[in-house]
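# Sequence plus predicted model, see below.
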Amino acid sequence: MLAYDYLVDRQPTPIGRRVFIGSVALGVVGVVFGSRAQGWLERALAPVLEKDGSGLSGLVPVGRFRIYTVTDELPSMPKSQYKLQVAGLVDAPFTIDYAGLLSMIPTSLTRDFQCVTGWRVRDVVWQGIKLRDLLDRAGVNAEAKAVRFTSFDGVYTESLTLRQAMRDDMLVAYQLEGEDISAAHGGPVRLYAAPMYGYKSIKWMDRIELVAEVEPGYWEKRGYDVDAWVGRSNGRDDDAI
Ligand SMILES: Nc1nc2c(c(=O)[nH]1)N[C@H]1C(S)=C(S)[C@@H](COP(=O)(O)O)O[C@H]1N2
Ligand SMILES: [Mo]
């Protein structure tokens, strides 16, 4: 059983040979030692990440996923320091910490996770709270028509229309496959936009801002669809495994 699907890789730009070899080497370690090697693998990631011409630097399989980051590093933040702001066109902006998120009513979703470049991870279990619950708590103003998300990586951004953001399958997620979301996967807290391609699911999320209109996110400014519905936008479902 090989959990890693190197062969279907379809990055927009060629992968550096060193990164590819590094990925295979890490993958072999993962296969040999199983999931207990995960922590070690993730700690070993940083030196393997290599920036390529497109600014897409991360391409390393961890478990069943590849790990992406558009910066030179995988940011990490202790849960004790984590804070999420909810602000913008709302009645009552607030900041919530990790414990505060955990005290809210949890939701679990099991869905395939699919990157627009063609890799897919089947039946991934996510847990978090509904994005809508945070928006309701802040009191969304009538002028607010969209939601903008930022990351503490300082670079990545995403947006949803307000209507999309209010769906039941938009999570502010803190668990992945039954464990706290690791730094590599965007922990302690990331967005999980279940019906959309992976690029919507911003990692290391630190701010949710209600705004008047959708602002295209990091990859959308570089050509991907703003509405990233799996199977209906510019993905490549047909030949994904
Ligand atoms: N901050 C941040 N969020 C991000 C990305 C990123 O590079 N930086 N990559 C996106 C893309 S293209 C995908 S497919 C998923 C990958 O999630 P993973 O790294 O946990 O596999 O994260 C999305 N969220
Ligand atoms: Mo992606």
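Perfect, thanks for sending it. Ligands and ions are numbered 1, 2, ... in the order given.

# Now for the closest residue to ligand 2 within the chain, how many residues are close by?
Here the chain gets closest to ligand 2 at one residue, residue 115, 3.4 Å apart by Cβ to the ion. C-beta here means a position set from N, CA and C on the backbone, and glycine is covered the same way. By other Cβ atoms under 10 Å, 21 other residues sit near residue 115.

# For it, list the residues it contacts.
If a contact means Cβ atoms under 8 Å, 6 or more residues apart in numbering, then residue 115 has 66, 68, 197, 198, 199 as its contacts.

# Let's see that with 6 Å instead.
The contact partners of residue 115, taken as Cβ atoms under 6 Å, 6 or more residues apart in numbering, are residue 198.

# Ok, residue 109 next?
126, 194.

# what does residue 171 give?
In this structure, residue 171 makes contact with 126, 128, 192, judged by Cβ under 6 Å, 6+ apart.

# Identify the bridge partners of the last one.
On the basis of DSSP bridges, residue 192 takes part in beta bridges with residue 171.

# gap between it and residue 78?
Residue 192 is 21 Å from residue 78, where distance means Cβ to Cβ, to the nearest Å.

# These two - which one has more neighbours?
Taking other Cβ under 10 Å, residue 192 and residue 78 do not tie; residue 192 has more neighbours (28 against 9).

# Quick check: the more buried one touching residue 173?
Yes. Counting by Cβ atoms under 6 Å, residue 173 is a contact partner of residue 192 at 4.1 Å.

# can you list residues touching both of those two?
In contact with both residue 192 and residue 173: residue 126, using Cβ under 6 Å, 6+ apart.

# near ligand 1, which residues of this protein show up?
65-70, 115, 151, 153, 156, 185-186, 198-199, 201-204 (Cβ under 6 Å from any ligand atom).

# Show the contacting residues for the closest residue to ligand 1 within the chain.
Nearest to ligand 1, among the residues of the chain, is residue 198, at 2.6 Å (Cβ to the nearest ligand atom). Residues in contact with residue 198, defined by Cβ under 6 Å, 6+ apart, are residue 115.
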